[in-house]
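**Student:** Mind looking at a prediction? Sequence and model below.
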Amino acid sequence: MRKLLVIGSGGREHALTWALLHSAKVTHVYVAPGNGGTATMDHVTNVAISDPAELAKFAQDNDIYLTVVGPEAPLAAGVVDVFQARGLRIFGPTQACAQLESSKDYAKAFMQRHGIPTAAYSTFTDPAQAHAYIDQHGAPIVIKADGLAAGKGVVVAATLAEAHAAVDSMLGDGSLGAAGARVVIEACLLGEEASFIVMADGKHILALASSQDHKRLGDGDQGPNTGGMGAYSPAPVVSPTIHERIMREVIEPTIAGMAADGLPYTGFLYAGVMIGDGTDDTRSINVLEFNCRMGDPETQPILMRLKSDLLDALDAAVDGKLDQVKLDWDPRTALGVVMASAGYPAKARTGDVITDTGTGTDNKDAVVFHAGTTLTDHQLLTSGGRVLCVTAMGDTVERARQNAYARLKQIKFDGAQYRTDIAWRALKR
Ligand code: AMP
Ligand code: GLY
């Protein structure tokens, strides 16, 4: 009879909570701070704590069996180190390991050192040198703020003017603060992206199901970059051959490299990869980014397909026994569509009333995971950019898509934005 703590407030954390409650061993999940979705779940309590030391004290005082961390910010702040120092069970990378996400320069140097394929790059603090590098290499070119920038730190510049402007705004006006004080400039890669997420225990690796995100706000991959507007699992581009190659060429050298560097990596590890054109044996595979956590919205469809007990896997990971776990997946497709608020991603409006005419109907094929919602005086209001991720299963990609959009149409709030073409790449195949 176990009580767990989930740290975070997004759709990923709602999905983690939902999946953990399927374990017969779990009696209660606390979510810090949680959202309007977790607020209404049975056997779940939201707790308004964010400071790592206070979270550890909460875990101790409330006899929490295991803590799992959703987002990058608490990991980069060292929440895992704080818990481990008190002998508390927590799944996630230490602050030092989380640098794989919290510093793009660290991640690029790491990949170069360990022979992990990634785009050629250079790092700059001096704007004049950055501008000169851009002129030398030409466009398209990619400019990345070194630090965590909540999804706003990457500019894929199609023209020299855009590239120079990105450098000016990151290194020049300090709009991203310390995160932008250094920039990585790298070659622009072409191909199809996939999200490849694994669990690691320092030594062993357990791959989760593949998925594909949709980063741009609009249909046809148009408009500004966002945190992700929808995802589905599995991603057909990750064939068995590509899966095996990503493990061998990217994931295994990364976990071995971290261990060799004296930083054994425990936690979820997300490799965003670009898969070039060609046959599966010859297509290029390059790492676009590492995240030291699960993806959002990828987690929602991935966990909808998980048939195994998630707590068992987390438990084994914390004990260094991931080699003893095998995960079973529902062979069907799961597909999630994000509903975002008016103004997202530039400036999200909050406080809109959410109505859901489908609530209470028993639709096992669809789950509405909440992100930027709050339950205020029994009313559900928008409270952030990405508000909901409506996720559904289907025997085919097309069916999963129909089921997700059918459920989505039952939900209304002023200014809602969503894409109508999630999984277009899979359907085009
Ligand atoms: P990141 O946060 O590094 O994943 O970057 C966000 C998005 O920018 C990625 O998902 C890609 O769509 C795009 N991106 C990042 N790096 C590159 C690159 N080198 N070439 C092309 N697109 C990129
Ligand atoms: N959906 C992309 C991410 O979580 O970083």
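**Tutor:** Noted; the coordinates are in hand. Numbers count the residues shown, from 1 in each chain. Ligands and ions are numbered 1, 2, ... in the order given.
**Student:** what helix or strand does L5 sit in?
**Tutor:** Using DSSP states H and E, L5 sits within strand 2-8.
**Student:** err, F110, not the other one
**Tutor:** Counting by DSSP H and E, the element that carries F110 is helix 104-113.
**Student:** Just the residues contacting that helix, thanks.
**Tutor:** 99-101, 116-118, 121, 123, 144-147, 153, 182, 184, 186, 254, 257-258, 261, 287, 289-290 (C-beta atoms under 8 Å, 6 or more residues apart in numbering). Quick note: C-beta positions are derived from backbone N, CA and C, even for glycine.
**Student:** in terms of contact count, name the helices or strands touching the following helix or strand past that helix.
**Tutor:** Proceeding N to C from helix 104-113, the next assigned helix or strand is strand 121-124, under DSSP H and E. Using 3 or more C-beta pairs under 8 Å, 6 or more residues apart in numbering; DSSP states H and E as the contact criterion, the elements in contact with strand 121-124 are helix 104-113, helix 127-137, strand 183-187.
**Student:** could these be laid out in CSV, adding mean neighbour count and mean pLDDT?
**Tutor:** Formatted as CSV, the helices and strands packed on strand 121-124 follow (neighbours: other C-beta atoms under 10 Å; pLDDT from 0 to 100):
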stretch, mean neighbour count, mean pLDDT
helix 104-113, 19, 96
helix 127-137, 16, 94
strand 183-187, 22, 94
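**Student:** so which of those comes closest to ligand 2?
**Tutor:** The closest of those to ligand 2 is helix 104-113. By C-beta to the nearest ligand atom, the value is 13.0 Å.
**Student:** got the residues of the stretch 101-250 of the chain near ligand 1?
**Tutor:** Residues of the stretch 101-250 of the chain lying close to ligand 1 by C-beta under 6 Å from any ligand atom are 119, 142, 144, 154, 156, 186, 188-189, 193, 215.
**Student:** Ranking by neighbours, what's the top pick from those?
**Tutor:** K144 (26 neighbours; other C-beta atoms under 10 Å).
**Student:** so it touches A187, yeah?
**Tutor:** No - at 11.9 Å, K144 does not count as touching A187 under the criterion of C-beta atoms under 8 Å.
**Student:** mind listing what F91 touches?
**Tutor:** So F91 contacts 66-69, 199, 266-268, 314, 317-318 (C-beta under 8 Å, 6+ apart).
**Student:** What is the burial count for I49?
**Tutor:** For I49, using other C-beta under 10 Å, the count is 18.
**Student:** Just the element for it, please.
**Tutor:** According to DSSP H and E, I49 maps onto no helix or strand at all.
**Student:** Also the one 10 residues further on?
**Tutor:** When elements are defined using DSSP H and E, A59 is found to belong to helix 52-61.
**Student:** how far away is L263 from ligand 1?
**Tutor:** 21 Å (C-beta to the nearest ligand atom, to the nearest Å).
**Student:** Quick one: classify that residue as helix, strand or coil.
**Tutor:** Of the three states, L263 takes coil under DSSP: H, G, I helix; E, B strand; the rest coil.
**Student:** OK, contacts around the nearest residue to R2 once chain neighbours are set aside?
**Tutor:** Nearest in space to R2, with sequence neighbours left out and distances taken as C-beta to C-beta, 6 or more residues apart in numbering, is Y65 at 4.0 Å. By C-beta under 8 Å, 6+ apart, the residues touching Y65 are 2-4, 89.
**Student:** show me where the stretch 151-300 of the chain has helices.
**Tutor:** Remark: helices assigned in the stretch 151-300 of the chain by DSSP state H, counting those that start in this stretch are 160-167, 240-246, 252-260, 299-305.
**Student:** Nearest to ligand 2 among these would be which one?
**Tutor:** Ligand 2 sits nearest to helix 299-305 of all these, at 8.1 Å, using C-beta to the nearest ligand atom.
**Student:** Would you mind stating the distance between T67 and ligand 2?
**Tutor:** Distance from T67 to ligand 2, by C-beta to the nearest ligand atom: 20 Å.
**Student:** D315 and G70, how far apart?
**Tutor:** 18 Å (C-beta to C-beta, to the nearest Å).
**Student:** do D277 as well
**Tutor:** According to C-beta to C-beta, D277 stands 34 Å off from G70.
**Student:** Kindly confirm whether my reading is correct that Q402 touches G394.
**Tutor:** Yes - the pair Q402 / G394 is scored as a contact, 6.9 Å apart, by C-beta under 8 Å.
**Student:** and V6, what does it touch?
**Tutor:** For V6, the contact set (C-beta under 8 Å, 6+ apart) comprises 13, 16-17, 20, 29-32, 34, 67-68, 70.
**Student:** Now with 7 Å, please.
**Tutor:** By C-beta atoms under 7 Å, 6 or more residues apart in numbering, the residues touching V6 are 13, 16-17, 29, 31, 68, 70.
**Student:** Equivalent analysis for I242, please.
**Tutor:** 275, 280.
**Student:** For it, report the pLDDT, please.
**Tutor:** pLDDT for I242: 98.
**Student:** where's it relative to I285, distance?
**Tutor:** 7 Å.
**Student:** which residues are common contacts for those two?
**Tutor:** I275.
**Student:** Return the per-residue confidence for the closest residue to A404 other than its chain neighbours.
**Tutor:** The shortest distance from A404 to any non-neighbouring residue, by C-beta to C-beta, 6+ apart, is to A392 (3.9 Å). Reported pLDDT at A392 in the predicted model: 98.
**Student:** Angles on the backbone of A392, please.
**Tutor:** A392 has phi and psi values of phi -140, psi 160 when expressed as degrees, to the nearest 10.
**Student:** does it really touch D365, like I thought?
**Tutor:** Yes - using C-beta atoms under 7 Å, A392 is in contact with D365, at 5.3 Å.
**Student:** Of these two, which one has the most company?
**Tutor:** A392 (29 against 17).
**Student:** Specify the beta-bridge partners of the more buried one.
**Tutor:** L335, A366 (DSSP bridges).
**Student:** so what's it up against?
**Tutor:** 335, 365-366, 400, 403-404, 407.
**Student:** ok, so what distance separates it from ligand 1?
**Tutor:** Distance from A392 to ligand 1, by C-beta to the nearest ligand atom: 24 Å.
**Student:** One more: V29?
**Tutor:** Counting by C-beta to the nearest ligand atom, the separation of V29 from ligand 1 is 29 Å.
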